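> predicted model, plus sequence, below.
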Amino acid sequence: MAHWTKFEKDTERETKTLVRWASGIEDENDQNFQLALKFAWSNFKFHNYLDVDSHKVTRSINGIYEKLMIHSDVTKAESWARLTDEFLNSTLMNVDGTKTDAHYSMLSMMLLLAGPPTNTEYVERPRLKEAEVKDTFDWAKYLMEDEDLECGPYPDTPEWSEEESDEEDPQQPISREDSGIQVDRTPQEDQDNTNQALALTWTVGEPDARAWLEQHVVTPYWVTHASRFPHSLHLHSNLLNVWDQYLYNTDPLYLPEDKAFVTETQVIRETLWLLSGVKKLFIFQFHEGKVSVRNDVVVTHLTSSCLRSVLDDIAVYGQAVFRLQRFIDEVTGHSSEPGPPPPSSSSGSHCSSSSHSSCREPPFRTYQAFVWALYKYFSSFREELTTIEKQLIGKDETVTLSAVLVRLRPHLAQIRVLHKVFCTGVAEVPVDTTNVVRASHLLNTLYKAIIEYDSVGEASEHTVALLFSLWTETVRPYLEIVDEWIVHGQLFDPAREFIIQRNKDVPVNHRDFWYATYTLYSISEPVEGEDRMNDAGSGSSAGEQTSGAGGRQPTMVSFLKPVLKQIIMAGKSMQLLKNLDCKESVPADSASRDAERKSLYTLFLESVQSRLCRRDDSPLDAVTEQQATKRSLIKMQSIVVQHLQIDDIHDPLLAINFARLYLEQSDFHERFSGGEFIVDRSSQSVTCQSFELTLRSCLYPHIQRRYIQCCGNLMTTLKKDYKLLEYLQAMRNYFLLEAGDTMYDFYTAIFERVLEKESWQQLSFLNAQLQEAVGQRHPEDSSRLSIFLDTSEPARKKQPVHNLDVLTLSYKVPWPVDIVISSECQRIYNQVFLLLLQIKWAKYCLDTVRFSDLTSATQKAEGGVAGEGASAKEGINQQIHRMCLLRVKLMHFVNSLHNYIVTRILHSTGLEFQHQVQEAKDLDQLIKIHYRYLSTIHDRCLLREKVSFVKEAIMKVLNLVLIFSDRWQAGFGAWKIESIDKMESDFKNCHMFLVTILNKAVCRGSFPHLESLALSLMAGFEQC
């Protein structure tokens, strides 16, 4: 062991000591001692210990700093950061440089030995650095004492060293070769030029430094007149030279141009960098938003045209990446790092996707969500590019440009789809477009793109998956706005991007809240056959926000169309509920229950996930499901074949496709085997795809469920706490005279004064009679009911029957019941009330006419004409007989009209109305039912302007009744035989006119409810 060094001998001695101490064996010749010694030496000589991870240590240091800052130990955190930085930048004994492995090793050991930093009290002690003592002694003068040296004219110039120049001359320059893939290293013909290209010299003590540099330093191919790299002389590696030589020999005008030679590895790396978003490249150049390829870039094994065609295709995708990345940068320019869209936005302004200037206000949430989805996709895409580049650097396997493009082909196809969606949904929208149009157009573009690619089938499965993930992220702000509205009753949309906007001028407790609170916006899309959507039926004012030229039809967010009405109803109902003073106390745990409640977006994602997981069952279940699907497909195919044969169509392939189309619909067998086959072409049932089925099963049920809950609670509150049904019954009691005893006392007092020729158009008298009549039987309504006189149109008093037109009955309806019983509804109620009052007046006049009055007047007349003979007496009896016959005819007419309106119209229609009110699911449906009920009785009472001529004929008959009653009460001497003839003639003409008109209407079948009135009047019609 004489060849051992002193270090090895010391190590041997210490190792034996360690073995004795650890094992307790003192005899060195013991077999166990020798085995332990060999094991220790093996570990000392051959075991490799991992170097310290400087990044991990840095993260630990930063983590301790953040922890101290969170615990408000600012002084301790600052001291920690400063001291660790000073230690890393200081020099250690026997270690050259700063931030070396030795520094990080010591820090790592101290971090492992240290305790919790927050539980330690630390006060930094001041450290005084010892000042270095300057040596002022002039050693040069001391050592060169008594020496006489001539330094010449330039004493500061160092002397020339012959030895140094001799040592540096034989040193050869280093050729920094690229790390491209080369088959062999045969030198080129112009090898002599390579020795002149590099002027760098290298002198290092380690022998492997030169080889390492040659393998890892890239040749600067991007500089002008870069040196040619060595490559093989094989024919395949010199295809460019062969082609150039061929062009030179065949074309006399061919002139070779200067070329920049690159390797295929360099082309691949620049391709990866281009797709990663790097703009400063050599092969690809970015100018004014467009990516182009340099004309002089060539590789030795491809012709320039072939390389150019490949790189041009890559440049197109690079430009798409740059455009999408610019949009991402514009939207995320307000935050340091992109993140998920915040729950709310503080401004309604937006950033233009095409402008390069930064916007002062942040963009709206839909664009932020869309950008977040793009950012997540490009993050995964860049990870794939990084993986390829690592494989390229590692050189473990051959990587070619064609192989890289094949590997990236699915990603490039997805980038093309994303760029197309971006151009259509964002870039093509004008800059001055409002946020609601921008958001709606983007969501519509994504929706239509999914439908378009979904219709292709399995060929675009990955594209549909990408677009669906993009759509689910982009639609998140819309679903959050909807969820906030239908759950809390607040339409929180500060950026005004939702298609429904709140009109803040109308408060909740206003009677027009249900009609004018929200505005539904629509955008202009080139969609054919799409009806114009509005919210007139739902009680909201429909505003339009159009963009584009004529010929475009306004539409809205497509995926919300099937449940748009439910969303509006649920939102308005919830907002109304939040402002109602409900008698039921609010549960104390409502806040905790709301915290546990899942949002609409979360429920939608869970439903989608559960729907997708159904297809990933166990293999046995999958086989069973496939067998069941096959049997169902065969059964469906047979059913479809039967239906196709009805139309003489014999196409088995068509039958199979139809069967597969309807395979996912649960009601398929019922629709096809349940008798007659009917296709509703107005719906989307024939062309619905799996994406629409996903929305129908995963999103719409949650909205429908919330709609039923909100509207059901509102209807229960209005019926139970606010007595909605009682108020509707009160309107029918007083306006439609269903409370016959109460209203009889009121209008008979008026009729009696009219018969007695007394003044009755006195507001005090009318209200006193109304309060007296109502207070006896319905005291709760006496304070709400009142009557007014409208004398602004005296022209209506030309006929006696129109004297009652000055009356206006009013019923004070409290909020929120006045949403249903509005002032417009009371106006219709008043029209029917006045018609009933006029009919009651005519009936009352005929009922109060007494034969005794006419008999006494007749006896007086016979006594006056007793001397004139029997002929005069016979004439008087004939006139009296004609008056009695006319009374009977008029009474039959009035009773027929009265019975038709009271029984056939008001009573039967009222029963239908009560049943529909009980079945109403939401307030809007109740408003429609009530308004439809009023329109029905208004039309059937012949009050519509279109049939005003019929009403005028009836009014003439009623006016004739009043004139007849006046003359009857005046007695026999007050009228002449000519007046009887005129009354009979007028009645006969009106009667004939009404019978003719009503019969024609009944025969056409347009007014079936008039059949009973027509038959009744015809029965009393006197055939001439």
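That came through fine. Numbers count the residues shown, from 1 in each chain.
> can you pull out the low-pLDDT segments for the stretch 501-650 of the chain?
Confidence mapping of the stretch 501-650 of the chain against pLDDT under 70 gives the ranges 522-556, 581-595, 614-650.
> which one is Thr11 nearest to, not counting chain neighbours?
Phe44 (7.0 Å; C-beta to C-beta, 6 or more residues apart in numbering). C-beta: built from backbone N, CA, C; applies to glycine.
> wait, a strand at the one you found?
No: the assignment for Phe44, made by DSSP: H, G, I helix; E, B strand; the rest coil, is helix rather than a strand.
> my read: it touches Glu14, true?
No: using C-beta atoms under 8 Å as the test, Phe44 is too far from Glu14 to be in contact (9.9 Å).
> what's the neighbour count on the residue nearest to Thr11?
Applying other C-beta atoms under 10 Å, we find 11 residues neighbouring Phe44.
> again with Leu560
The burial count for Leu560: 25, using other C-beta under 10 Å.
> contacting residues around it?
Taking C-beta atoms under 8 Å, 6 or more residues apart in numbering, we find Leu560 in contact with Tyr478, Ile499, Ile567.
> in a markdown table, list the residues you listed along with secondary structure.
Listed next are the contacts of Leu560 as a markdown table, based on three-state DSSP:
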| residue | secondary structure |
| --- | --- |
| Tyr478 | helix |
| Ile499 | coil |
| Ile567 | helix |
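> how about the strands in the stretch 451-600 of the chain?
Per DSSP state E, counting those that start in this stretch, the stretch 451-600 of the chain has strands spanning 500-502, 518-520, 523-525, 553-555. These are given in chain order.
> next, count neighbours for the closest residue to Val482 other than its chain neighbours.
In space, Val482 comes closest to Ile567 once its chain neighbours are excluded; the distance is 5.7 Å by C-beta to C-beta, 6+ apart. The number of residues packed near Ile567 is 20, by other C-beta under 10 Å.
> can you name the element that comes right after the helix or strand where Ile268 lies?
Secondary structure from DSSP states H and E places Ile268 in helix 264-276. Downstream of helix 264-276, the first helix or strand assigned by DSSP H and E is strand 284-287.
> what average pLDDT does that next one get?
On average, the pLDDT along strand 284-287 is 86.
> how about that strand: buried residues?
Along strand 284-287, these residues count as buried under the neighbour rule (16 or more other C-beta atoms under 10 Å): Phe284, Phe286.
> tell me what that strand is packed against?
The helices and strands touching strand 284-287, judged by 3 or more C-beta pairs under 8 Å, 6 or more residues apart in numbering; DSSP states H and E, are strand 290-293, helix 304-331.
> try it again at 6 Å.
Helices and strands touching strand 284-287, as assessed by 3 or more C-beta pairs under 6 Å, 6 or more residues apart in numbering; DSSP states H and E, are absent.
> that one: partners in the sheet, and parallel or antiparallel?
When pairing is defined by DSSP bridges, strand 284-287 lines up against strand 290-293 (antiparallel).
> buried ones in the strand it pairs with?
Going by 16+ other C-beta under 10 Å, strand 290-293 has these buried residues: Val291, Val293.
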